[in-house]
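J.: here is a sequence with its predicted model. Questions after.
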Amino acid sequence: MKAITANRLEDGVVVYLGADDGWTSDLAKAARFEDEDAKAALAGAEARAGEIAGAYLIEVSDAGAPAGRETLRETIRKDGPTVRLDLGYQAEA
């Protein structure tokens, strides 16, 4: 399964294309696409250049977690810095 990720232009936050065609910062709420549908969905997301930057496809598990060879990179993008817990997304929790 694939999901679409990008950075929101307004604040740089990592976002995912949701099932409602909106952007969400929660990967578990991201729309999931079969390989054959993913490229068309990505093309649609890339056309929304006024909202996001750098859209691309990532592999996700059925549970909505990063999967495949980019797991570490996408986990860091999703959760924030790994060196200090008082910075990034984890500081907000």
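T.: Cool, got the structure.

J.: tell me how far V83 lies from L42.
T.: Look at V83 and L42: by C-beta to C-beta, to the nearest Å, they are 32 Å apart. Quick note: C-beta positions are derived from backbone N, CA and C, even for glycine.

J.: okay, these two: which has more neighbours?
T.: For V83 versus L42, the count of surrounding residues by other C-beta atoms under 10 Å is larger for L42: 18 against 7.

J.: ok, for G18, nearest residue in space, not its chain neighbours?
T.: T24 (4.3 Å; C-beta to C-beta, 6 or more residues apart in numbering).

J.: count of residues packed around the one you found?
T.: T24, neighbours per other C-beta under 10 Å, totals 15.

J.: flag every buried residue along the lengthiest helix in the chain.
T.: Across the chain, the longest stretch assigned as helix under DSSP state H is helix 35-46. Residues of helix 35-46 classed as buried: A38, A41, L42, A45 (neighbour count, 16 or more other C-beta atoms under 10 Å).

J.: for stretch 10-25, same thing?
T.: Quick answer for stretch 10-25 (16+ other C-beta under 10 Å): V14, V15, Y16, L17, G18, W23.

J.: need these in TSV (columns: secondary structure).
T.: Listed next are the buried residues of stretch 10-25 as TSV, based on DSSP: H, G, I helix; E, B strand; the rest coil:
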residue	secondary structure
V14	strand
V15	strand
Y16	strand
L17	strand
G18	strand
W23	strand
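
J.: now the residues you listed in TSV, with pLDDT?
T.: Listed next are those as TSV, based on pLDDT from 0 to 100:
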residue	pLDDT
V14	93
V15	95
Y16	95
L17	97
G18	96
W23	97
